[in-house]
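> My questions are about this predicted structure, shown below with the sequence.
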Amino acid sequence: MTDIPISRSLSLGTPFSSDPGALQRFFGRTEGLLPLWLAEPYIPLAPSVIQAVQDRAAEAWLGYESRPADVLDAFWSWMSRRHHGVKDGLRAMASPSVGTSIAVLIDLYSEAGDGGILQPPVYTGFKPLVRGTRRTPVRNPLCLRDGRYGMDIDGLRALAANPKNSFMLLCNPHNPVGRAWTREELRQVAEVCAEGGVFVLADEIHGDLVLPPHQFTPFAKAAEGTDVKWASTHGPIKTFGVAGIADTLLVTGDAEIAVAFQAVCQRLHLNRNNVFSLAATRAGYRDGDAWLDDFLQRIRENAERLEAGLPGGVALMPIEATYLAWLDFRELGMEAPELASWLVSEAGLALSPGHWFGREGAGFARMTIAVEEHVLVDAIGRLRSAVDSL
Ligand SMILES: Cc1ncc(COP(=O)(O)O)c(C=O)c1O
């Protein structure tokens, strides 16, 4: 194996947004800011994945390549090893992105003007996907009880009973609040949505990033035995930090959904294969277990380090999944815009302010903790001195 070159972000000594333009646009400056706002890792990536991409580049042949069956085989084997995932009756298909899968399915299975149920605070991409397909976002906010987020199942039942609300975007595990939904919680969603005829689009792109002893339950499992219509999104992009090259996967147990989805992909020419995606996906799913276990351990340690180092007035919400810390600043008593600008101007931190995820996120901010220890220590130091000077 050749030496793996250190990544651009690591060689700069701090996480580096590959998109400084976005940093400028969202935070008003780039200088002196520690950018921890994106959901991506800033640590050395899995050597098997990097090696596979390098080997593929070294072939110096970048023409068309049809998708070999072994890539999907590697995914199913990974699912059964890591998540007791069932393959029987399920099909997985490549899709350029999670957003593509969701938009295509919304288009296929709902009408313009229909309501799409979201559970804010939730991934910022969901609302634009609903609006972009000319559907209406319908809110079923998470409940925060005794310091832990949960779902409002009664509220969901009421929304699902309205025939105009034809689909739900479920974030499992949930970005940004870090919940790994339990089988019981997901089962309730499946039953309520089956009753109301609501199509569940389960975004499970963070599914591999659940911190033991918590477990990832694929919606496919929770839905077994109900007649809820569902599809889920998976893929290596968050797990192995390969969003810049890799495709995602759409999983469904419904043959009709699979055929309809693939027909759209064919019509829009969305099914061309990226050779690096194939190489990275295969390598990650085949050989990435040990690396991911270490990675999850690092996230756990970073979460503990962060919790221990936070200044008074700032609290870390319990983190069961994802490498995203959901920080509670409410005790500092700032309004949402004030908190957002204080984080930039006083703490020198580019975090995702909580209100980006919906109004329920006001007073919170999201920070990636998939970082080297010195970066985390830097972030904690910045927060402490900003709070000290309040
Ligand atoms: C829950 C969730 N879904 C989807 C995405 C993005 O997926 P894609 O870029 O493939 O659309 C993200 C990225 O942060 C995410 O957190």
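Cool, the structure landed.
> Only C-alpha atoms from now on, for both contacts and neighbour counts.
Fine.
> chain center to stretch 281-289: distance?
Relative to its chain's centre, stretch 281-289 lies at 19 Å (Cα atoms, centre = their mean, to the nearest Å).
> Model confidence score at Ser11, please.
What the model reports as pLDDT for Ser11 is 48.
> Mind exporting the C-alpha coordinates of the strand ranked longest in the chain to CSV?
As assigned by DSSP state E, the longest strand anywhere in the chain is strand 165-171. Output of strand 165-171 as CSV, limited to C-alpha atoms (Å, rounded to 0.1, in the frame of the first residue of the first chain):
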residue,chain,number,x,y,z
ASN,A,165,-50.7,15.3,3.8
SER,A,166,-49.5,12.5,1.5
PHE,A,167,-45.9,12.0,2.6
MET,A,168,-43.5,12.4,5.5
LEU,A,169,-39.7,13.0,5.5
LEU,A,170,-38.4,11.0,8.4
CYS,A,171,-34.8,11.7,9.5
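> partners of it in the sheet?
Strand pairing for strand 165-171, using DSSP bridges, gives strand 115-118 (parallel), strand 199-203 (parallel).
> what residues does the last one touch?
Contacts of strand 199-203 from elsewhere in the structure, counted by Cα atoms under 8 Å, 6 or more residues apart in numbering, are 98, 102, 109, 166-172, 190, 193, 219, 228-234.
> which one of the strands paired with strand 165-171 lies closest to the ligand?
strand 199-203 (6.0 Å; Cα to the nearest ligand atom).
> just checking, next helix/strand downstream of that closest one?
helix 219-222 (DSSP states H and E).
> helices or strands next to the helix or strand following that following helix in the packing?
Per DSSP H and E, the first helix or strand lying C-terminal to helix 219-222 is strand 230-234. The contact analysis (3 or more Cα pairs under 8 Å, 6 or more residues apart in numbering; DSSP states H and E) places strand 230-234 against helix 98-109, strand 199-203, helix 219-222, strand 248-252.
> one step back: buried ones in the longest strand of the chain?
Asn165, Ser166, Phe167, Met168, Leu169, Leu170, Cys171 (16 or more other Cα atoms under 10 Å).
> want to throw those into JSON lines with pLDDT?
Listed next are those as JSON lines, based on pLDDT from 0 to 100:
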{"residue": "Asn165", "pLDDT": "98"}
{"residue": "Ser166", "pLDDT": "98"}
{"residue": "Phe167", "pLDDT": "98"}
{"residue": "Met168", "pLDDT": "98"}
{"residue": "Leu169", "pLDDT": "98"}
{"residue": "Leu170", "pLDDT": "98"}
{"residue": "Cys171", "pLDDT": "98"}
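> ok, of the residues you listed, which one's closest to Pro20?
Distance to Pro20, by Cα to Cα, is smallest for Cys171 among the buried residues of strand 165-171, at 27.9 Å.
> Just list the residues touching that closest one, thanks.
Per Cα under 8 Å, 6+ apart, neighbours of Cys171: Val122, Tyr123, Ala202, Asp203, Glu204.
> Flag every residue of the stretch 151-300 of the chain that's near the ligand.
Contact residues, the stretch 151-300 of the chain versus the ligand (Cα under 6 Å from any ligand atom): Cys171, Asn175, Asp203, Ile205.
> Helices of the protein, start to end?
8-11, 20-27, 47-58, 69-83, 98-109, 126-132, 153-160, 183-196, 219-222, 255-267, 275-287, 289-309, 336-345, 373-388 (DSSP state H).
> The chain - how does it break down into domains?
Annotated domains of the chain cover 8-45+289-388, 55-287 [automatic domain parsing].
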